[in-house]
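**Student:** Got a sequence here, can you model it:
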Amino acid sequence: MDEEVKDDIIDVIEVKVTEFDEKEYEEIELLGDKKFKFYEKMRGNIDKWTRKKTGKAGYEVTQFILLLPDLFMLISRLLADKRVPVRKKLFLAGVVAYVMSPLDIIPDFIPFFGYTDDLFLVLFSLDKMLNEVAPDVVSENWSGEENVIDLVKNLLEKSDQFIDKNVVEKVKKWARKKDK
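**Tutor:** Sure, this is the predicted structure:
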C-alpha cells in the first residue's frame, strides 16, 4: 500500500474518532449541565431561605456547611471541563474516590473531625490544580459566593489550627503518590 493511501486512511480514522469523541462528550456535557443546574437551583433556594429565616449568623453557618458540597461540585465540574488535562482529571477522580470511601485516615463516623481529612485533601488537591490549570477555569466552575482561589488558600493556611500535622502529612503523601 502506498503512503498516500495510508495517509488517507489515517485521516479518515482520525476524523471518525474525533467526531465520535466530540458527540459523546457533548451528550455527557448536556447530562452534566442538567445535574449542575439542579445543584445551583437547590443551593440558591437554600441561600434565599437562610437569608430570610436565619439572619446573618445563620446564613454564615449555612455557607460553611455548604463548603464541602460546593467543593465536591467544583471537582465534579472540573472533571467534565474540556480545559482540564486528562492527567489532572484522573487525579481528581482519585480524590473523589477517597472522599466517598469509608476507609479514611480519620474515619468519617467521628463527628465533625471525621471529615477534616476529606476537606483538607479536597483543598490541597484544588491548590495543586490552581498551580497547573488557569485560575479562571476553576473560578468559572465554582458555585459559592466567595472567591474560590482566596478561599482555598486561606483555608489551607488555617488548616494547621484544626487538623493534626500527622494527618496533613499523610494526606499530602497520598495526594503526591496519586498525582504521579
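
**Student:** Let me see the domain layout of this protein.
**Tutor:** 1-65, 66-180 (automatic domain parsing).

**Student:** Columns mean neighbour count on top of those domains, output as JSON lines?
**Tutor:** In short, each C-beta sits where N, CA and C put it, glycine included. Listed next are the domains of the chain as JSON lines, based on neighbours: other C-beta atoms under 10 Å:
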{"stretch": "domain 1-65", "mean neighbour count": "11"}
{"stretch": "domain 66-180", "mean neighbour count": "16"}
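
**Student:** Lowest average confidence across the ones you listed, which one?
**Tutor:** Ranked by mean pLDDT, these bottom out at domain 1-65, which scores a mean of 63.

**Student:** Show the contacting residues for the residue most central in space within the chain.
**Tutor:** Closest to where the C-alpha atoms of the chain average out (C-alpha atoms, centre = their mean) is Ile75, at 1.1 Å. The neighbours of Ile75, taking C-beta atoms under 8 Å, 6 or more residues apart in numbering as the test, are 92, 95-96, 122, 125-126.
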